[in-house]
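A.B. asks: Need a 3D model of the following:
(chains A and B)
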Amino acid sequence: MSLYHSEVYFPAEDTHLLLEAARRVLRPGDQVLEIGTGSGEIAAGLLQMADRIVATDINPHAAEMAFSRGVPVIRTDLFSGLSGRFDLIIFNPPYLPTVEEERIDDWLEYALDGGEDGRRTIQRFLEVAPDHLTLQGRILLLVSSLTGISEVSSLFSKAGMIAFTVAEEVCEGENLVVLLGMRDLCRV
Amino acid sequence: MKRWLMDILCCPVCKGEIELSVTEEDGEEIMEGSLRCPACSVDYPIHEGIPNLLPPEPEGE
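C.D. replies: Next up, the predicted model:
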């Protein structure tokens, strides 16, 4: 990636952990959606494996980077321009608790700022995500111990879903966790 | 954007169907054009291969 835009999140440990988890859970024929693809690292890494994959990002520079790597990309806010249902939805959200004074006013902010509790965007995502999942569809969501993992599990529960940890890595004082969420079919 | 994306795209405001107009194509890729929501009377641009389905900024603020 020689033309790296400074306002696009650079792939890091969280990106790699989520990509590995996605490679493990992806099933042949899955229709895949990645929300907030950033540089497109994860979606591009799955292009050969997935039947159909599409990605979104709100950041114009991220959308351009992902497109240049061959990822079908839409510039939109979370799911807002999408009407379809998917078998696998992948999201590495902005999960860092951020107070007003810490905000940086550029596009990178959208990749990092999770609001005061770190869960603002995750909450918005989980309120809508079930409407975009097939019956047996699954969500892969990366969170950190800084975000509050049990609190995120509760948000899954509120959305009528169950979630469990499928990957974990300790990284510079935080614990990165990949949660796999699916409909709680006992409650459907 | 690839044509098959039309199967899963909708208006970001009313969630209704949108209509594709193409002005430039490059192989399978629609490079320039627009996506129109007839219900909202809004055109969403496709520029350099990327559809932009962000709602227009509110006017007069």
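
A.B. asks: Contact residues of chain B facing chain A?
C.D. replies: B:1-2, B:4-5, B:7-12, B:15, B:44, B:48-55 (C-beta under 8 Å from any C-beta of the partner chain). Heads up, the C-betas are built off the backbone N, CA and C, glycines and all.

A.B. asks: now these: which count as buried?
C.D. replies: Burial by neighbour count, judged by 16 or more other C-beta atoms under 10 Å in any protein chain shown, picks out B:1, B:5, B:8-12, B:44, B:49-53 from the residues of chain B next to chain A.

A.B. asks: Can you add secondary structure and pLDDT and give the residues you listed back as CSV?
C.D. replies: Shown next, in CSV, are these (DSSP: H, G, I helix; E, B strand; the rest coil; pLDDT from 0 to 100):
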residue, secondary structure, pLDDT
B:1, coil, 96
B:5, helix, 96
B:8, coil, 95
B:9, strand, 97
B:10, coil, 97
B:11, coil, 97
B:12, coil, 96
B:44, strand, 97
B:49, coil, 96
B:50, strand, 97
B:51, strand, 98
B:52, strand, 97
B:53, coil, 97
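
A.B. asks: Identify, from the residues you listed, the entry nearest to residue A:34.
C.D. replies: residue B:8 (13.2 Å; C-beta to C-beta).

A.B. asks: Now for the closest one: which residues touch it?
C.D. replies: Counting by C-beta atoms under 8 Å, 6 or more residues apart in numbering or on different chains, residue B:8 touches A:54, A:82-84.

A.B. asks: Skipping adjacent residues, who's closest to it in space?
C.D. replies: residue A:84 (3.3 Å; C-beta to C-beta, 6 or more residues apart in numbering or on different chains).

A.B. asks: Pretty sure the one you found sits in a strand.
C.D. replies: No: counting by DSSP: H, G, I helix; E, B strand; the rest coil, residue A:84 falls outside a strand, being coil.

A.B. asks: Does it touch residue A:131 like I think?
C.D. replies: No: taking contacts as C-beta atoms under 8 Å, residue A:84 lies outside contact range of residue A:131: 10.3 Å.
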